[in-house]
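Asker: have a look at this fold, sequence not included:
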DNA sequence: CCTAGACTCAAACGCCTGTTTGAAACGGAT
DNA sequence: ATCCGTTTCAAACAGGCGTTTGAGTCTAGG
């Protein structure tokens, strides 16, 4: 991604920024590092994105637009099939992220960037994310509510809160390349996804 | 904590640093912000701690030494009582953190700092933490292994990995002061801890 | 060919960063 | 009262920060 001239300046900046934000955080990665990694002039960031803050938002937009679309698509599919289970809803949430992380274009590090955003408990980044992508979590929450009628509102929100934390943190590991011996990276992550669904479903149902 | 003159310069720096690291991250909070919040001269940081990196480590040391001690103490207690369950071991891990977060001296924000450290997936901070406090997680992992004999090593590590993520992120919420209506902050967090134990135990057992 | 708009570039802007310095202020012991 | 080790302080250091500028390059449309 970095200096590869077959990608546009914008894409190269986004790719380099994503990787460096994952590694050093948003404040910790400078535009000079980013533009150097992208083999691009420093001023290109402000020309194409206006500011560092806008660049950060764009890094999220590039992945989250499609990721959100696919998640809701899958959610709609299981709903249409009429046999929604906790597992199928969790799968609708997790699988698209897994597939993104298996994309060769470095989609894997994005999950770590997302985890960073999660750690930013306040700040305008959280506001940006919840304003633009909050509807996804809301739709999923509704699906879970239907599957867990025995839980009252409060109880449900407790559990979803915990589940989101578990999913976010665990999916950040999608971005870590520490495959086990004799096992492909794809297998490793698919296994991870399966365990994640199993664990979270049990926690929600408990 | 901040400018309160009844605390030493060192303590005031640590308190201000903790709060600002929780809010803005380690790179995002500057020493000038920290020393201003602590009503202390800028040079005091380097005089007392040597460097910003050392200050960061000291912020962790101040809380983690005692937190680790108490966790292992509780773990030993349930082991001695001879009736260890998944719930009691989880309680040994969570309760000390809950109590710390209820400390009026702002121990509550420290949980958010810890979550930030978790987001730093690489870097020397993770190394520092695992080198100095890794034995705690190891002891707990051993306790869990004994309680879950039906799981093989690999399966167990999967689940513990997910559980640690859930606990870390959820306990970061200990540092968020958004109590529900008509419910004291203490009740709110105790309920949180109960749900957390219930959820995680179910996930581990599933 | 020429021009207009999109893009790139080196350089500079003012500000902020972590760290160092050397002098000043302190407080207890001689 | 003098000393000495500890601590504080204002000031400065070199370097990095995000952003802006204005000239330069490129390329499609007339």
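Answerer: Sure, I can see it. In this text, all values refer to a predicted model and were calculated from it rather than measured experimentally.

Asker: which ones are touching the residue in chain A sticking out farthest from the centre?
Answerer: What lies farthest from the middle of chain A is residue A:150; by C-alpha atoms, centre = their mean that is 29.7 Å. Listed by C-beta atoms under 8 Å, 6 or more residues apart in numbering or on different chains, the contact set of residue A:150 is empty. Placement of C-beta: from N, CA and C, glycine included.

Asker: so it versus residue A:205, what's the distance?
Answerer: Going from residue A:150 to residue A:205 by C-beta to C-beta, to the nearest Å gives 9 Å.

Asker: what's the next secondary structure element after the lengthiest helix in chain A?
Answerer: The longest helix of chain A (DSSP state H) is helix A:52-81. Beyond helix A:52-81 on the C-terminal side, the first helix or strand identified by DSSP states H and E is helix A:86-102.

Asker: pLDDT (mean, whole number) over stretch A:56-71?
Answerer: Confidence for stretch A:56-71, expressed as mean pLDDT, is 97.

Asker: check which residues of that stretch are buried.
Answerer: If you call a residue buried by 16 or more other C-beta atoms under 10 Å in any protein chain shown, then stretch A:56-71 has these buried ones: A:56, A:57, A:58, A:59, A:60, A:62, A:63, A:64, A:67, A:68, A:70, A:71.

Asker: now, among these, which is nearest to residue A:18?
Answerer: Ranked by distance to residue A:18 (C-beta to C-beta), the buried residues of stretch A:56-71 are led by residue A:59 at 5.2 Å.

Asker: neighbours around the nearest residue to residue A:75 once chain neighbours are set aside, how many?
Answerer: Among residues not flanking residue A:75 along the chain, residue A:92 sits closest, at 4.3 Å (C-beta to C-beta, 6 or more residues apart in numbering or on different chains). Residues near residue A:92, counting by other C-beta atoms under 10 Å in any protein chain shown, number 23.

Asker: so residue A:92 touches residue A:79, yeah?
Answerer: No - Residue A:92 lies out of contact with residue A:79 (C-beta atoms under 8 Å); the separation is 9.0 Å.

Asker: which SSE is the residue sitting nearest the centre point of chain A in?
Answerer: Central residue of chain A (C-alpha atoms, centre = their mean): residue A:111, 4.4 Å from the mean position. Taking DSSP H and E as the definition, one finds residue A:111 inside helix A:107-119.

Asker: the helix or strand just after that helix - contacts with which helices or strands?
Answerer: Downstream of helix A:107-119, the first helix or strand assigned by DSSP H and E is helix A:123-147. Packing partners of helix A:123-147 (3 or more C-beta pairs under 8 Å, 6 or more residues apart in numbering or on different chains; DSSP states H and E): helix A:52-81, helix A:86-102, helix A:107-119, helix A:153-172.

Asker: those: which one's closest to DNA strand C?
Answerer: Closest to DNA strand C of the helices and strands packed on helix A:123-147, according to C-beta to the nearest atom of the strand: helix A:52-81, at 12.1 Å.

Asker: that closest one near DNA strand D at all?
Answerer: Yes - if you take C-beta under 7 Å from any atom of the strand as the test, helix A:52-81 does meet DNA strand D, through A:52, A:53.

Asker: quick one: that helix near DNA strand C?
Answerer: No - Helix A:52-81 stays clear of DNA strand C (C-beta under 7 Å from any atom of the strand), getting no nearer than 12.1 Å.

Asker: angle of that helix against helix A:107-119?
Answerer: Orientation check (axes from the mean of the first three to the mean of the last three C-alpha atoms, to 10 degrees): helix A:52-81 against helix A:107-119 gives 100 degrees.

Asker: contacts only, for whichever residue of chain A sits closest to DNA strand D.
Answerer: Per C-beta to the nearest atom of the strand, residue A:30 is where chain A lies closest to DNA strand D, at 2.8 Å. Residues near residue A:30 by C-beta under 8 Å, 6+ apart: none.

Asker: and for residue A:117?
Answerer: Here residue A:117 is in contact with A:60, A:125, A:126, A:129 (criterion: C-beta under 8 Å, 6+ apart).

Asker: ok, 6 Å please
Answerer: residue A:125 (C-beta atoms under 6 Å, 6 or more residues apart in numbering or on different chains).

Asker: run the contact check for stretch A:151-159 versus chain B.
Answerer: Yes - interface with chain B: stretch A:151-159 contributes residue A:158 (C-beta under 6 Å from any C-beta of the partner chain).

Asker: near DNA strand D, which residues of chain A are found?
Answerer: Residues of chain A lying close to DNA strand D (C-beta under 7 Å from any atom of the strand) are A:29, A:30, A:31, A:32, A:33, A:42, A:43, A:45, A:46, A:51, A:52, A:53.

Asker: need the residues you listed in CSV (columns: distance to residue A:156).
Answerer: Listed next are these as CSV, based on distance: C-beta to C-beta, whole Å:
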residue, distance to residue A:156
A:29, 37
A:30, 42
A:31, 42
A:32, 46
A:33, 43
A:42, 48
A:43, 49
A:45, 42
A:46, 45
A:51, 39
A:52, 38
A:53, 34
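
Asker: could you pick out the buried ones from these?
Answerer: Here, 16+ other C-beta under 10 Å leaves A:29, A:31, A:45, A:52 buried among the residues of chain A next to DNA strand D.

Asker: of all pairs in the residues you listed, which one spans the longest distance?
Answerer: Farthest pair in these (C-beta to C-beta) is A:29 and A:45. Separation: 11.7 Å.

Asker: need the phi and psi values for the residue of chain A closest to DNA strand D.
Answerer: Per-residue torsions, residue A:30: phi -90, psi 160 (degrees, to the nearest 10).

Asker: what's around residue A:184, how many residues?
Answerer: 10.

Asker: what sits up against stretch A:55-65?
Answerer: Applying C-beta under 6 Å, 6+ apart, the contact partners of stretch A:55-65 are A:14, A:17, A:18, A:26, A:45, A:49, A:110, A:128, A:133.

Asker: cool, and stretch A:194-205?
Answerer: Stretch A:194-205 is contacted by residues A:86-87, A:90-91, A:159, A:163, A:166, A:170, B:158, B:162, B:199, B:202-203, B:206 when judged by C-beta under 6 Å, 6+ apart.
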